[in-house]
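In: This is a predicted model, with the sequence first.
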Amino acid sequence: MSDIPLIETARDFNRFYTNFLGLLNKAYLDSPFTLTDARILFEIGSHDGVSAVGLVRDLHLDPAYLSRILKRFRAEGLIETSPDPADLRSQVITVTDQGREQFEELGRRANAQIAARFDNLAAGEPEAAVRAMGTIRALLDPAAKPAPAILRPHRAGDIGWIVQSQSRFYTEEYGWDLRFEALVADVAGKFLANFDPALEYCWIAERGGINVGSVLITNGGDGIAKLRLLYVDKSARGLGLGKRLVDECIRFSRQKGYRELSLWTNDMLDAARAIYIKTGFRLVSEERHRMFGPEANGQNWLLTL
């Protein structure tokens, strides 16, 4: 690699980020620990038990240097050791109750530090920063595993994200016009304005702190639930998220005593249609339309619960 400007830019970012996190400060996060101390305590506190050999390997530390830190931790009552049943020549290191308190306090301070930085950013910028971090990690760490996706209820800002993400996707992928955004905004707005938590729900799929999917259940009346606005971001395709979201809709609708679950879609959405077929929906009607510009084939599907 001989692109000196590229290398200098990377080094400049490293200098910025170490200053950004205060990593060169003698006392890390205004605690009695150095950065290395805190990193070692984090590794021990995050596991049920680790070995010194494992710490040397994972943190790339000099064994003698690690040994001195561990000796100090033992003297301060932060850790304790016991024989490793898998290797009697080794010791398993765990945190004491006091060590656990220090570990958790460092975590709270680290979270507060990042939260304070994010509070100074505009809406959407913290998510953009985290996505950029994920890209860096994926490119530079081949062993990095993608963050698992979780499903959670909606909170402030999520419904706006649903409108933005779906409008942008369908415009870019299918050339739909702004009337589709108006439809999504109308459905999402009515969901918020008339939200009945006893019979309605919104699931947000989140991965590494970033929204990557969503779906709504609304009350259609007469014992019919409506599945609305199913969406999975391109970055999370192939993870089975669409199926998980639909399964949650079916489970919720049955639990709430609905007789049927209905939805409206378009036939070019092959991945979604495959999920509906797999989960037992049946096609009950379809009609050509130009609601959003290009001609499409709208379909109504129904699941008897």
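Out: Cool, got the structure.

In: Strands of the stretch 1-150 of the chain, residue ranges please.
Out: 50-51, 79-84, 87-95, 149-153 (DSSP state E, counting those that start in this stretch).

In: The shortest one pairs with which strands?
Out: Strand pairing for strand 50-51, determined by DSSP bridges: strand 87-95 (antiparallel).

In: Identify each buried residue in the partner strand, please.
Out: Gln91, Val92, Ile93, Thr94, Val95 (16 or more other Cβ atoms under 10 Å). Every residue, glycine included, has its C-beta placed from N, CA and C.

In: Tabulate those in JSON lines, adding columns for pLDDT and distance to Val50.
Out: Converted to JSON lines, the buried residues of strand 87-95 look like this (pLDDT from 0 to 100; distance: Cβ to Cβ, whole Å):
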{"residue": "Gln91", "pLDDT": "79", "distance to Val50": "10"}
{"residue": "Val92", "pLDDT": "88", "distance to Val50": "7"}
{"residue": "Ile93", "pLDDT": "92", "distance to Val50": "5"}
{"residue": "Thr94", "pLDDT": "92", "distance to Val50": "8"}
{"residue": "Val95", "pLDDT": "92", "distance to Val50": "10"}
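
In: ok, of the strands of the stretch 1-150 of the chain, where does mean pLDDT dip lowest?
Out: The weakest mean pLDDT among the strands of the stretch 1-150 of the chain belongs to strand 87-95, with a mean of 81.

In: Touching that strand from outside, list them.
Out: Applying Cβ atoms under 8 Å, 6 or more residues apart in numbering, the contact partners of strand 87-95 are 41, 44-45, 48-53, 55, 70, 78-84, 103.

In: tilt between it and strand 79-84?
Out: Angle of strand 87-95 versus strand 79-84, following axes from the mean of the first three to the mean of the last three Cα atoms, to 10 degrees, is 150 degrees.

In: Pull the distance from strand 87-95 to the chain's centre.
Out: Relative to its chain's centre, strand 87-95 lies at 34 Å (Cα atoms, centre = their mean, to the nearest Å).
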